[in-house]
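Participant: Sequence below, structure please.
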Amino acid sequence: MAKEANIVFPDYLTDDAYKFRKFTINIIKAPSLGEGVENALEKIKNKAKISFGSKSADSVKDMNKNLENNYAKLYPGVTEYVITLPLPNTFSDTQNHDWNHESGVLGTMTQTLQNKSLSDIVGSVLGKKSGKLGKFGEYSKKFSDATGLGNITASKSMGAMADATGLRKPLADPGYFQNYSGSEPRTFSFTFDLVPANASEAAKIIKIIMKLKEYSSPEMALGGISLLAPNYFDLEIANEYLSGAANIKNVVLSSINVNYGADGAMQFAADGTPKYISMSLTFKERSMVTANHYRS
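Facilitator: Numbers count the residues shown, from 1 in each chain. Sure thing, here's the model as predicted:
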């Protein structure tokens, strides 16, 4: 992907001495459905046909290579703009996997029985034996309502009996287990403290903020009657270990927070350029990364 335009802050990041201390934001422009429905459908078919390998890599270098290769197969796009910043002051990588605490099948059945009232259990047994309870069933219901028997469950009754006799209450094993119900795409948060050395760098900071706002906003299409989704981003940390572990590609910029008075006061130079700006960015994966992405 060719890098067509770029902006670097601060200027010294272009020196080789800082090649491992840079954070690069690649703004990717992907084709829209409106630019060719047939081509878009063909890409969807190709994506569905892609079969990831099952061979797991042992080295960081091989895992990074697999991530790059699989990513290139899935997500076509052209780098529209490149922003280079120093490493962020704070960086968090969050992913949630949904595991629900549930009872086993047998445990659910026994819990249902234990939570039934004694009157329901007796009524069910007698009803099955006699076929029809008739008047007896009506009197039984009135008696249960009047005495509260309908609120006494089998579990409560066994607990009261155990307490009265000083014995331990038996309980059917609920068979608790963790039931996996899915995973969420990851969220990445970054905070940058941007302190310009001169008016030129201050102008760069403002330009960076405006470009991020521009490319993370939707675009009008078809004469203003529809919107195209914002661009997506590939992020690079100039450290192969950290960059591979984070693997921040195919993400959207969901939040930009700019604090122009981050040190407790608005400070400007004589020409009106800001002296200090704090910028917080939150990115989210467009789609979830699976274990197969790390394999060849």
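
Participant: and L212, what element?
Facilitator: Here L212 sits within helix 199-215, counting by DSSP states H and E.

Participant: do S243 as well
Facilitator: Going by DSSP H and E, S243 is in helix 240-246.

Participant: how big is the angle separating the following helix or strand past that helix from helix 199-215?
Facilitator: Going down the chain from helix 240-246, the next helix or strand is strand 251-259, by DSSP H and E. Relative orientation of strand 251-259 and helix 199-215, computed by axes from the mean of the first three to the mean of the last three Cα atoms, to 10 degrees: 130 degrees.

Participant: what are the pairing partners of the following helix or strand past strand 251-259, and which direction each?
Facilitator: With elements assigned by DSSP H and E, the helix or strand that comes after strand 251-259 is strand 277-285. Here strand 277-285 is paired, per DSSP bridges, with strand 187-194 (antiparallel), strand 251-259 (antiparallel).

Participant: Show me which residues of the first one are buried.
Facilitator: Which is strand 187-194. Buried residues in strand 187-194, defined by neighbour count with 16 or more other Cβ atoms under 10 Å: 187-192, 194. (Glycine included, C-beta is placed from N, CA and C.)

Participant: Check the last one too.
Facilitator: For strand 251-259, burial by neighbour count (16+ other Cβ under 10 Å) applies to 251-253, 258.

Participant: of all those, which comes closest to K211?
Facilitator: L253 (10.9 Å; Cβ to Cβ).

Participant: what's around the residue nearest to that closest one when sequence neighbours are not counted, how many residues?
Facilitator: Spatial nearest neighbour of L253, chain neighbours left out: S216 (3.9 Å); criterion: Cβ to Cβ, 6 or more residues apart in numbering. Each residue near S216 was counted by other Cβ atoms under 10 Å, and the total is 19.

Participant: Show me what the helix holding L212 is packed up against.
Facilitator: On a contact count with 3 or more Cβ pairs under 8 Å, 6 or more residues apart in numbering; DSSP states H and E, helix 199-215 meets strand 6-8, strand 22-29, strand 78-86, strand 251-259, strand 277-285.

Participant: Send over it as PDB, restricted to the C-alpha atoms.
Facilitator: Provided in PDB are the C-alpha atoms of helix 199-215 (Å, rounded to 0.1, in the frame of the first residue of the first chain):
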ATOM      1  CA  ALA A 199       4.700  27.500  16.100                       C
ATOM      2  CA  SER A 200       5.400  25.100  13.200                       C
ATOM      3  CA  GLU A 201       5.000  22.000  15.400                       C
ATOM      4  CA  ALA A 202       1.900  23.500  17.100                       C
ATOM      5  CA  ALA A 203       0.300  23.900  13.600                       C
ATOM      6  CA  LYS A 204       1.200  20.200  13.000                       C
ATOM      7  CA  ILE A 205      -0.700  19.100  16.100                       C
ATOM      8  CA  ILE A 206      -3.800  21.000  15.100                       C
ATOM      9  CA  LYS A 207      -3.600  19.500  11.600                       C
ATOM     10  CA  ILE A 208      -3.200  16.000  13.100                       C
ATOM     11  CA  ILE A 209      -6.400  16.500  15.200                       C
ATOM     12  CA  MET A 210      -8.300  17.800  12.200                       C
ATOM     13  CA  LYS A 211      -7.200  15.000   9.900                       C
ATOM     14  CA  LEU A 212      -8.200  12.400  12.500                       C
ATOM     15  CA  LYS A 213     -11.600  14.000  12.800                       C
ATOM     16  CA  GLU A 214     -12.000  14.200   9.100                       C
ATOM     17  CA  TYR A 215     -11.100  10.600   8.400                       C
END
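
Participant: Quick check: buried residues in the helix or strand that it is followed by?
Facilitator: Going down the chain from helix 199-215, the next helix or strand is strand 219-221, by DSSP H and E. Across strand 219-221, burial judged by 16+ other Cβ under 10 Å covers no residue at all.

Participant: Quick check: neighbours of strand 219-221 in the sheet, parallel or antiparallel?
Facilitator: Note on strand 219-221: by DSSP bridges, its sheet partners are strand 226-228 (antiparallel).

Participant: Provide a list of residue ranges in the stretch 1-150 of the chain with pLDDT below threshold.
Facilitator: By pLDDT under 70, the weakly predicted segments of the stretch 1-150 of the chain are 1-5, 31-54, 70, 72-76, 107, 112-150.
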